[in-house]
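Colleague: let me see the structure of the following:
(2 chains)
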Amino acid sequence: MQITLQKIDDYRWRIPKNYKQGMHVPGVVFADAELLKDIVRDKALEQVANVAFLPGIVKYSLAMPDIHWGYGFCIGGVAATDVEGGGVISPGGVGFDINCGVRLMRSDIEAKDVKPRIKELVTALYNTVPAGVGSEGKIRVTEPEERKILVNGAKWAVDNGMGTNDDLEHTEEKGRMEGADPEMVSDRAYQRGKRQSGTLGSGNHFLEIQEVDEVYDEKSANILGIWKGQITVMIHSGSRGFGYQICDDYSRGMVKTVVKYNIQVPDRQLSCAPVKSPEGQAYIGAMKCAANYAWNNRQCLMHLTREVFEKFFKKSFKELGMFLVYDVAHNIAKFERYNIDGCDKLLCVHRKGATRAYPPGHPDLPAAYKEIGQPVIIPGDMGRNSYLLLGAAKAEETFYSTCHGAGRRLSRKAAVDACAGRSISRELSEKGIFVMAAERGTLAEEAPEAYKNVTQVVAVVHNAGISKRVCRMRPIGVIKG
Amino acid sequence: NAAYGMFDIIADLSNLKISVATEVSIEAGSREELLVRWLDELLYNFYVKGIIYSRFEISRMDDNSLKGAAHGRHVGDNRSRLKREIKAATFHGLEIKEENGGYVTEIVFDV
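Modeller: As a prediction, this is how the structure comes out:
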């Protein structure tokens, strides 16, 4: 069935509530007319409509401009349910890679001092940071210690000499969600996660050395320690096999739960449970374990990266100014309070391929950022740019959510076909980007043209007012799994 | 065949010398679920035991249960065979159809 979108303004489009019987709320898609041409090519909009079936969903089923189809929820989807009003939580609304997210480190290093030796630096990182299929981390822990990781998140890494309290201050949730319950995690998940702490993963995960090549908001950039010509490092990774197994375990269970609670959803991958039910609480306890595992993972990866830079430059990471700007999750469910039609409500906010974007003044922000808002890190593809944005007050309409990246526009097969006969590494090298990938075929599948243009995606959220550009980075060295 | 196809994506299976076997016994609510759980069980063993599988046999199967075995070799010195990571088999658009006296399906793997 063809969806007829109703234009709200140049950056907002509505899927009417009467598009499909069973929708409790309309859908709202953030995009411009140009991006919509790609968006309508897959089933993503149908998935936005399907999410509107979730019991307790509030206001609308949202989609960000980097939307593309996923499992149940589209990637780039946001949906909030009323916890006290029977609202549900859906593992499909969090995603398989629980707390897949990204962090950005700034430095006092000038790009011009790194570029002549970029191959050497990337090679050193490639040889140190485990990446790709079958890779295993160097961190080996007993089961009691593994449980501490699941409860303490990034704090575990800091307590074990792999970071600072300042890192935790600059991480969403301070790198640790309260209420993680290791008892809710299956033995299979423990087994899958055992050897993967401190590993990058594969697919679209990466570690990137970047140069800040444009600054749009000088005042905010100063507060963030960002300047033009500077080296930054971006790390994109998640909860690896551990999170996958948790999503799999609970998705399977919730196929029966929807029957128990008489919930009608049009796609089994939207299976869910009321937040306050035992099944919902069990998933939340496990999800938080996976979220904490991922924050610990990114903290360990950053520690390994700092160690490489220390050896390379023969200075400590503090002397190099390699401090964490921020770390954001983009596959997670959070419990946040909002005023809905004059009532203060606790909502379960699903962000799947979407980033939290708190405005200036929000109490959960580090003191240094209260004036400017929460940093939002938007990775692009490996051939083009990434961006740093800030959350804005207008984002209240999206439950303080914004985009998370460029979003795929070609399937992996289509990308490989498009790249046939080409050397992607050579094409990137001609642009001054040195790439090393652990898996065969990754470069073609992750080629820049496989993704939407992130500059367009960022322009939509900036012009819609839900987050504001601070600066732009371009890659000069990349490791992929 | 689906299992072979999956492991052919994960690793180079040519001339793999088989040395270990893993018994698999699963139940599910439908044929499609049975297929996904069979594949996920093999993936789990790949990640946890580090075994690349290349030969598969089903000793007993109906629409809701399956008993079989997968044969392969530990990754060990065969790390160079590894090609890419498959994180999970998914239900996305999954349907098993009968065709020309056999069965055909299309599976989306999360990579």
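Colleague: what does the stretch 201-350 of chain A have sitting close to chain B?
Modeller: Residues of the stretch 201-350 of chain A lying close to chain B (Cβ under 8 Å from any Cβ of the partner chain) are A:201-203, A:241, A:244-245, A:248, A:255, A:268-269. (C-beta placed from N, C-alpha, C; glycine too.)
Colleague: can we see that at 10 Å?
Modeller: By Cβ under 10 Å from any Cβ of the partner chain, the residues of the stretch 201-350 of chain A that approach chain B are A:201-205, A:240-241, A:243-245, A:247-248, A:251-252, A:255-256, A:267-269.
Colleague: look up how far chain A lies from B:Thr90.
Modeller: Counting by Cβ to the nearest Cβ, to the nearest Å, the gap from B:Thr90 to chain A is 6 Å.
Colleague: after the lowest-mean-pLDDT helix or strand in chain A, heading C-terminal, what element do we hit next?
Modeller: Sorting the helices and strands of chain A by mean pLDDT, DSSP states H and E puts helix A:442-445 at the bottom, at a mean of 66. The element immediately downstream of helix A:442-445 (helix or strand, assigned by DSSP states H and E) is helix A:454-464.
Colleague: packing partners of that following helix?
Modeller: Contact here means 3 or more Cβ pairs under 10 Å, 6 or more residues apart in numbering or on different chains; DSSP states H and E; on that basis helix A:454-464 packs against strand A:27-30, helix A:33-39, strand A:61-68, strand A:375-378, strand A:386-391, strand A:401-402, strand A:467-480.
Colleague: least reliable of these by average pLDDT, please.
Modeller: For those, the weakest mean pLDDT is recorded on helix A:33-39, namely a mean of 92.
Colleague: next structured bit after that one?
Modeller: On the C-terminal side of helix A:33-39, the nearest following helix or strand under DSSP H and E is helix A:44-51.
Colleague: do that following helix and chain B meet at all?
Modeller: No. For helix A:44-51, no contact with chain B is found by Cβ under 10 Å from any Cβ; the gap never falls below 10.6 Å.
Colleague: okay, angle between that helix and strand A:61-68 too, please.
Modeller: In this structure, helix A:44-51 runs at an angle of 150 degrees to strand A:61-68, with axes from the mean of the first three to the mean of the last three Cα atoms, to 10 degrees as the basis.
Colleague: what's the helix or strand for the residue in chain B positioned nearest to chain A?
Modeller: Each residue of chain B has a distance to chain A, by Cβ to the nearest Cβ, and the smallest belongs to B:Glu85, at 3.8 Å. B:Glu85 is part of no helix or strand, with elements assigned from DSSP H and E.
Colleague: from what I see, it and A:Asp97 are in contact.
Modeller: No. Here B:Glu85 lies out of contact with A:Asp97, judged by Cβ atoms under 10 Å, at a distance of 11.7 Å.
Colleague: quick revisit: deepest-packed of the helices and strands packed on helix A:454-464, please.
Modeller: strand A:401-402 (a mean of 32; mean count of other Cβ atoms under 10 Å in any protein chain shown).
Colleague: which residues are contacting it?
Modeller: Contacts of strand A:401-402 with the rest of the structure, by Cβ atoms under 10 Å, 6 or more residues apart in numbering or on different chains, involve A:30, A:62, A:64-66, A:76-80, A:328, A:330, A:334, A:349-351, A:354-357, A:374, A:376, A:378, A:389-392, A:395, A:457-458, A:460-462, A:464, A:466-468.
Colleague: and the next element down the chain from that strand?
Modeller: On the C-terminal side of strand A:401-402, the nearest following helix or strand under DSSP H and E is helix A:412-418.
Colleague: break down the stretch 51-200 of chain A into its helices, ranges please.
Modeller: Secondary structure of the stretch 51-200 of chain A (DSSP state H, counting those that start in this stretch): helices located at A:111-114, A:118-128, A:143-152, A:154-159, A:165-169, A:187-193.
Colleague: the last one near chain B anywhere?
Modeller: It stands for helix A:187-193. Yes. In terms of Cβ under 10 Å from any Cβ, part of helix A:187-193 sits within range of chain B, namely A:188, A:190-193.
Colleague: count of residues packed around the nearest residue to B:Tyr103 once chain neighbours are set aside?
Modeller: Counting by Cβ to Cβ, 6 or more residues apart in numbering or on different chains, B:Ile96 is the residue found nearest to B:Tyr103 once chain neighbours are left out, at 5.6 Å. The burial count assigned to B:Ile96 is 17, neighbours taken as other Cβ atoms under 10 Å in any protein chain shown.
Colleague: now do B:Glu23
Modeller: Once other Cβ under 10 Å is used to define contacts, B:Glu23 is seen to have 9 neighbours.
Colleague: what's the helix or strand hosting it packed up against?
Modeller: In this structure, B:Glu23 is located in strand B:20-27 according to DSSP H and E. Other elements packing on strand B:20-27 under the criterion 3+ Cβ pairs under 10 Å, 6+ apart are helix B:31-49, strand B:51-62, strand B:65-74.
Colleague: could you give the number of residues near the nearest residue to B:Val48 once chain neighbours are set aside?
Modeller: When the adjacent residues along the chain are set aside, B:Val48 lies closest to A:Gln191, with 4.5 Å between them (Cβ to Cβ, 6+ apart). For A:Gln191, the number of neighbouring residues by other Cβ under 10 Å comes to 17.
Colleague: contacts only, for A:Gln191.
Modeller: By Cβ under 10 Å, 6+ apart, the residues touching A:Gln191 are A:241-242, A:245, B:44-45, B:47-49.
Colleague: how about these in JSON lines, adding neighbour count and pLDDT?
Modeller: Rendered in JSON lines, the data for the contacts of A:Gln191 read as follows (neighbours: other Cβ atoms under 10 Å in any protein chain shown; pLDDT from 0 to 100):
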{"residue": "A:Gly241", "neighbour count": "27", "pLDDT": "87"}
{"residue": "A:Phe242", "neighbour count": "30", "pLDDT": "91"}
{"residue": "A:Gln245", "neighbour count": "30", "pLDDT": "91"}
{"residue": "B:Tyr44", "neighbour count": "20", "pLDDT": "91"}
{"residue": "B:Asn45", "neighbour count": "18", "pLDDT": "92"}
{"residue": "B:Tyr47", "neighbour count": "25", "pLDDT": "88"}
{"residue": "B:Val48", "neighbour count": "17", "pLDDT": "88"}
{"residue": "B:Lys49", "neighbour count": "13", "pLDDT": "89"}
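Colleague: using TSV, lay out these together with distance to A:Ser277.
Modeller: Shown next, in TSV, are those (distance: Cβ to Cβ, whole Å):
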residue	distance to A:Ser277
A:Gly241	27
A:Phe242	24
A:Gln245	22
B:Tyr44	27
B:Asn45	32
B:Tyr47	31
B:Val48	30
B:Lys49	35
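Colleague: how about the nearest residue to A:Pro55, chain neighbours excluded?
Modeller: Counting by Cβ to Cβ, 6+ apart, the residue nearest A:Pro55 is A:Val88, at 5.1 Å.
Colleague: my guess is the one you found meets A:Gln264, correct?
Modeller: No. Because the distance of 11.6 Å does not satisfy Cβ under 10 Å, A:Val88 is recorded as not touching A:Gln264.
Colleague: could you name every residue contacting both of B:Glu85 and A:Asp97?
Modeller: Applying Cβ under 10 Å, 6+ apart, one finds that B:Glu85 and A:Asp97 are jointly contacted by A:201, A:203, A:205, A:240-241, B:110.
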